[in-house]
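S.K.: starting from these lines, generate the structure:
(4 chains, ligands or ions: 4)
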Amino acid sequence: MQLDRDKLLWMYRTMLLIRRYEERLVDAYLEGKMPRFDIGWGPIPGEMHLAAGQEPVAVGVMAHLRKEDTVTGPHRPHHLAIAKGVDLKKMTAEIYGKKTGLGHGKGGHMHLFDPAVKFSCSGLIGAGFPPAVGAALAAKMQGKDWVAAAFAGEGAANQGSFHEALNLAAIWRLPVIFVIEDNSWAISVPRSKSTAVSSNADRAAAYGVPGVLIPENDALAIAEAAGVAVERARRGEGPSLIEIRTFRYLGHFQGDPETYRPKGEVEELKKRDGIARLGRVLTAQKLLTESLDGELRAGVERELDDAFEFARSSPYPEPADALLHVFA
Amino acid sequence: MQLDRDKLLWMYRTMLLIRRYEERLVDAYLEGKMPRFDIGWGPIPGEMHLAAGQEPVAVGVMAHLRKEDTVTGPHRPHHLAIAKGVDLKKMTAEIYGKKTGLGHGKGGHMHLFDPAVKFSCSGLIGAGFPPAVGAALAAKMQGKDWVAAAFAGEGAANQGSFHEALNLAAIWRLPVIFVIEDNSWAISVPRSKSTAVSSNADRAAAYGVPGVLIPENDALAIAEAAGVAVERARRGEGPSLIEIRTFRYLGHFQGDPETYRPKGEVEELKKRDGIARLGRVLTAQKLLTESLDGELRAGVERELDDAFEFARSSPYPEPADALLHVFA
Amino acid sequence: MTERKLTMSRAIVEAIDQEMARDPKVFVMGEDVGPYGGIFGSTTGLLQKYGEDRVRDTPISETAFIGTATGAAAEGMRPIVELMFVDFFGVCMDQIYNHLAKNTYMSGGGVRLPVVLTTAYGGGYSDAAQHSQALYGVFAHVPGLKVVVPSNAYDAKGLMIEAIRDDNPVMYFFHKGLMGLGWMTSPATAATPVPEEPYTIPFGKAEVKRSGTDLTIVTVGLMVHRALEAAASLEKKLSIEVIDLRTLVPLDRPTVVASVKKTGRLLVVDEDYRSFGLTGELAASVAEADVPMRRYRRLAEPDVPIPYSRPLEQFVFPSAETIAAAARAAVA
Amino acid sequence: MTERKLTMSRAIVEAIDQEMARDPKVFVMGEDVGPYGGIFGSTTGLLQKYGEDRVRDTPISETAFIGTATGAAAEGMRPIVELMFVDFFGVCMDQIYNHLAKNTYMSGGGVRLPVVLTTAYGGGYSDAAQHSQALYGVFAHVPGLKVVVPSNAYDAKGLMIEAIRDDNPVMYFFHKGLMGLGWMTSPATAATPVPEEPYTIPFGKAEVKRSGTDLTIVTVGLMVHRALEAAASLEKKLSIEVIDLRTLVPLDRPTVVASVKKTGRLLVVDEDYRSFGLTGELAASVAEADVPMRRYRRLAEPDVPIPYSRPLEQFVFPSAETIAAAARAAVA
Ligand SMILES: Cc1ncc(C[n+]2csc(CCOP(=O)(O)OP(=O)(O)O)c2C)c(N)n1
Ligand SMILES: Cc1ncc(C[n+]2csc(CCOP(=O)(O)OP(=O)(O)O)c2C)c(N)n1
Ligand SMILES: [Mg+2]
Ligand SMILES: [Mg+2]
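M.R.: Ligands and ions are numbered 1, 2, ... in the order given. The predicted model follows:
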């Protein structure tokens, strides 16, 4: 499936949007945490898992998904949420804990729910696989050609839910794509110490489904593999598993001392940055010019200004609202 | 590794012992349940999962295990317990709920613990994999060449614990053998409806460990594969996965109406019975004569008389003993 | 009201059947719910009537298929998913309590999860420590799940239809020893007249099964029958009020408090573990209402795993005799 | 007693270190317990001292590595295994409560499982519904696990050494907000003088942190500090007794009962969910002892998932202010 100009530029712009969104989040997160860092302080308290470096995975897969398709994400969800089209204002307001947020401030950054675009995520590793299978089952039972995609890190592929969900999706031939974002770390544990095989794509054989390894953090290569898997799913031919070698530029969470991480690793990764990479390709294809690039970046900043302004200016929920919404 | 005469005869006799043990259990279990079957009545109440047909798996693997090696079994444990050398009197007393039982009557037939020969089992599907990994870890940390073997049905291979335990054993290169007894049924669910691959041996690739399928319910073929896996484990080269196509002659549990089961299936299986099969081989090899066969069978009956007599004549625990042993 | 009597299992199946006929979004999933019809008869005949698409046997992968129910419910389906024994919750609790139970809250009400999680509980037939537990106290402790524990066929049907129509996750506990299976003893009083037509019983309404003035006995599920037996055996000596909670979440505290206000004495009977559970919750509910209790007693599983051997198992579960003895002592 | 002060995390590490030095069978397993030293500093420096064989980073496979601890313990090892957040219990509860907790009983005492399961609990820093729970009520409800919840560094060391030397499974809960981590606020009173030498604190002995005559406040963990703050703020008006349970299993009922006998009023403060938990258990414990309570009140998490947003989260957890208000109301 060929990606047209608009789609390619959407991929590039969306990656810029994600990157800049999280760069702004870093600053916002550190507000009130300087000079001394306290996880509970500032306008954005709590854990903060950022995806800088992993943008290609989000746009490569999401390039093939529609509003009706379901996405479940892990604790590191922003790139996926943005690429799926989650309302950026409400998402930012949620991260700020505001009443106008996706969950009226109840969920926070690990628990973003936007039913309008069928996005959700969870802080439990591996927990997103089964509900994605459920969304795929619902689509099949309702006779829709909708698909579901479950995203998780390479660490999650050693959780029992990965095995159970893949097996169930396979025997029921459900339209779901399992996407493993291998950023080679699970907090401080390198994949070599967590995973008995060199590629999780090899695990597809355990379920009789296609497994693909994308060795480069390349949005176009990812999009190509994802296109095949999504089409297969829409045709009713069942699930696929895709693993992508991607990059974690930042600490596991903000505040991670990263003493376990080899010096210079990140610098090396950044030389192969996925955004710059696609930018070069589009420039070579004459789809991207310096002036267009400037426009896109300016548009991104305006969009972000609006989102953060909305979040900051929104009111906090009333304390007693904590008692609402336990049940629908 | 060649099996000597004694070992071969041990395999044959132990299969006879298992088969006859369970045949007697069927009768004992039905006592007090006739004419009307009530699961709670009679000298042996509760669930009763029998392994008739699966004897070759037990002796084929256990032929290579020592007292110091650990075995964890599932809810269908008798064949494994007997082959591992669990005290038959105490085991029978446990099944009768007597004070002299392995667990003083607290465990019952799904919860047989005999630390003397390092045997244990559980009623939770897939629950035996992790503790076997733990026993293997203990052996390795203590510098012993002891191994562990975890047995479970093909249905258990779709439980998350299977995946997690195999991966952990593989990255830590632990001396553990995962044995899947594929009797093609999980209660009423055929393997085709539960398992996305034709053989669980294929799943070994997901952990970079050897995987072997034994397509016939043949004690010698099983013993050959188990020998390789056990030696590998003792040499410190890590885990292996073996799946055996075995036979379930009886219902899932006693009282199972088996309306889901194709007519005549069991009759066909019985034509390939594993005990008769080994008997023919040993006879051809002149290791087994009719008179020796008679002696072995008579010895088995005497051993069973003793075990059942011990169990029946033993006292029940005092009711208030229920309060003991919550903590060591 | 019709005099047609049903066992509890047949009442449950009828409720599911009527709702499946009414609403195509309702479907059933679980281990052995298809050809077998549910190990405890909770889905008998549904496969034959509705087919494999709506009555799905699953692999032994509770985390996967319960999470699948959550995902399908978020997309508008109304799954009824069975956890064969509640004792197995430990292999799938994360999908139940961190996701199914919390997603509605974490989404600020944006996500609705109409899932009925049916599960068998209870002992008394020597199924030992991993197949005989009650455990509803665990599910009533964590927020986001409604917890239903019917004691008879009439309630079972009405509560099941209520559960299926509820837009929230409902844990529906049925005691194996109440289902009226041919192969497991069940109290005669568990099978009751059941109307043919669909009806609902609201959650959070306890039923006073017998009124009295000397002592209030509160319980649920199978123990309701034993408590009534005990109360009847003592009726010459004592006037005992027996309350069947029917649901633990929501919990009908007002009915319990009003009764204790009248009797001044509370005996809680529970098949679940004694500590940190139902027995304590009711003591707190009455005490915080400033209702004086002249006596509070509890008779429950004595915080030990459930033993296999009959004399041991009979020792740990309340019986009509031990309930009667406790009642007498509570009033003495 | 030495005046050397330690944070709770350093006290825990010192206890583990001293026991690892004493007994080669003690080892540590869990996620990020190696180079990282434990996300909440519960294993800092142990890898450097004892090496990869005895300090093992695991994959994210809680069922596998907690079951591995059970299997290793059955073979004579003494594992200390970490469940990073207690909120994650749902992915591994079966190995914990059906096996680790029950095997000793089911084997009639034949199997000993000296496992310490350390886990972080608690909120207050906006980690939301899946990373802020207390949940010890669940583990205290099911039989076979000892449950330890230290409130300060001195207790943390003594209870950890006691736990490691115990031949039974011990769930060791530490509140993230008590550890004295540089990056998370912790009450100054959580860091205390800690003797260099190893010492033990017996399980089942609550500590009366402050004695009083008007009201008994019982709590555990972080809430001990808030309760003491509240009691101090009211000392001109009220004489409040504050009890730190220190362990929930075994539960020191006699100390609680004796205190309520004296004060006649009980306020239970709990960070865990209110219903079917600790608050109810203590009401029952006093009531069944026939000790008249003029007042029983409870202040706990109000049975809702823990919300992310600061004002919402602050609303659901007891604070010194809300405890003081509840205390005043309880005595009024
Ligand atoms: C079931 C469970 N276990 C442990 C954790 C703690 N935890 C949070 S993120 C993380 C590492 C995840 O690694 P990976 O899956 O590779 O995702 P990444 O963080 O690299 O994006 C861990 C162990 C958790 N949230 N859930
Ligand atoms: C975790 C869990 N889920 C479900 C069950 C109920 N159950 C008991 S045996 C069984 C079938 C097991 O099939 P298999 O693993 O093939 O073993 P077999 O009975 O064929 O020997 C099931 C579903 C259980 N005991 N534990
Ligand atoms: Mg990773
Ligand atoms: Mg099977």
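S.K.: show me where the stretch 1-150 of chain A has its helices.
M.R.: A:5-30, A:55-62, A:78-84, A:88-95, A:129-141 (DSSP state H, counting those that start in this stretch).
S.K.: could you dump those helices to a markdown table with mean pLDDT?
M.R.: Below are the helices of the stretch 1-150 of chain A laid out as a markdown table (pLDDT from 0 to 100):
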| stretch | mean pLDDT |
| --- | --- |
| helix A:5-30 | 98 |
| helix A:55-62 | 98 |
| helix A:78-84 | 99 |
| helix A:88-95 | 98 |
| helix A:129-141 | 99 |
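S.K.: format those helices as CSV; extra columns: distance to ligand 4 and mean neighbour count.
M.R.: Bear in mind the C-beta positions are built from the backbone N, C-alpha and C, glycine included. Below are the helices of the stretch 1-150 of chain A laid out as CSV (distance: least, CB to the ion, whole Å; neighbours: other CB atoms under 10 Å in any protein chain shown):
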stretch, distance to ligand 4, mean neighbour count
helix A:5-30, 47, 19
helix A:55-62, 37, 30
helix A:78-84, 39, 27
helix A:88-95, 46, 25
helix A:129-141, 23, 29
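S.K.: nearest to ligand 2, of these?
M.R.: With CB to the nearest ligand atom as the measure, helix A:129-141 is the member of those nearest ligand 2 (15.2 Å).
S.K.: so what's the residue count around A:E265?
M.R.: 15 (other CB atoms under 10 Å in any protein chain shown).
S.K.: ok, now how distant is it from chain B?
M.R.: To chain B, A:E265 is 21 Å away according to CB to the nearest CB, to the nearest Å.
S.K.: ok, now A:R232?
M.R.: Counting by CB to the nearest CB, the gap from A:R232 to chain B is 15 Å.
S.K.: in the stretch 151-300 of chain C, what residue comes closest to ligand 2?
M.R.: For the stretch 151-300 of chain C, CB to the nearest ligand atom, closest residue to ligand 2: C:K176, 13.1 Å.
S.K.: let me have the helices of the stretch 1-150 of chain A in JSON lines, extended by distance to C:A15.
M.R.: Output for those, formatted as JSON lines (distance: least, CB to CB, whole Å):
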{"stretch": "helix A:5-30", "distance to C:A15": "48"}
{"stretch": "helix A:55-62", "distance to C:A15": "42"}
{"stretch": "helix A:78-84", "distance to C:A15": "38"}
{"stretch": "helix A:88-95", "distance to C:A15": "39"}
{"stretch": "helix A:129-141", "distance to C:A15": "21"}
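S.K.: closest to ligand 3 out of those?
M.R.: Among the helices of the stretch 1-150 of chain A, helix A:55-62 comes nearest to ligand 3, with 11.5 Å by CB to the ion.
S.K.: quick check: which helices or strands does the closest one pack against?
M.R.: Secondary-structure packing of helix A:55-62 (3 or more CB pairs under 8 Å, 6 or more residues apart in numbering or on different chains; DSSP states H and E): helix A:5-30, helix A:78-84, strand A:148-153, strand A:176-182, helix A:219-234, strand A:240-245, helix A:274-284.
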